[in-house]
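K.L.:
next input, structure requested:
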Amino acid sequence: MRCPTCKELGTDKVIDSRLTESGAAVRRRRVCTACGRRFTTKERAEEELRLTVVKKDRSRVPYRRDKILAGVRQACYKLDVTDEQMEALVDQVEGDLFAEFDREVTSEEIGRSVTRRLRSLHPVAYVRFMSVYRNFHGVDEFIEEIRNVQEHAAAEAPNQQSLF
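P.N.:
Have a look, this model is predicted:
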């Protein structure tokens with residue numbers, strides 16, 4: 001491993017290892033023996049990457065967890081959603097995808113799985129994600145989606161106050 005500070009190669013020592021993301025990855029705490037800086041790395045099994053994503057234009061790209069997480073992070077920006085909740089959401093989405101699809105999954109299926117999970121995590125994050133996922137073009141589309149979220153929330157908890 002190359003030290004992010006001094007750029008020395010192979011001078012690090014592992015001081016702690018832990019399973020993360022429900023055992024799907026290993027988090028390692030390292031210290032560079034050259035400069036003394038501590039840093040963290042994550043290791044993930046490569047066989048998970050064998051899934052191919054079929055995009056709207058029919059092109060095919062390798063599945064990348066970090067792209068889903070980036071979209072969720074953007075939707076949750078400045079909301080009271082923790083990194084752990086976002087990681088857990090992506091873990092659940094991955095669980096759905098790898099259980100249901102063997103080799104290929106459409107970007108639309110990924111979006112559906114993310115929106116299903118975001119709706120219950122945070123309604124504002126859900127609407128933000130939907131605005132990109134469905135490619136909203138006007139205010140009317142936002143208003144309609146917000147009404148849908150309000151109706152969904154009212155149906156789930158009729159005695160709670162509206163979130164909007």
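
K.L.:
from now on I want contacts and neighbour counts done on CA atoms only, so please keep to that.
P.N.:
Fine.

K.L.:
I'd like the next helix or strand past the helix or strand encompassing residue 108.
P.N.:
Assigned by DSSP states H and E, residue 108 belongs to helix 107-121. Downstream of helix 107-121, the first helix or strand assigned by DSSP H and E is helix 123-133.

K.L.:
tell me the SS of residue 77?
P.N.:
coil (DSSP: H, G, I helix; E, B strand; the rest coil).

K.L.:
one more: residue 102?
P.N.:
Following three-state DSSP, residue 102 is assigned to coil.

K.L.:
that one and residue 63 touch, don't they?
P.N.:
No. Assessed by C-alpha atoms under 8 Å, residue 102 is found out of contact with residue 63, at 12.0 Å.

K.L.:
which of the two has more neighbours?
P.N.:
residue 63 (19 against 11; other C-alpha atoms under 10 Å).

K.L.:
list the contacts of that one.
P.N.:
Residue 63 makes contact with 49-53 under the criterion C-alpha atoms under 8 Å, 6 or more residues apart in numbering.

K.L.:
for the residue nearest the centre of the chain, give me its contacts.
P.N.:
Residue closest to the mean C-alpha point of the chain, counted by C-alpha atoms, centre = their mean, is residue 69 at 2.5 Å. With contact set as C-alpha under 8 Å, 6+ apart, residue 69 has these partners: 86-87, 90.

K.L.:
okay then, goodbye and thanks.
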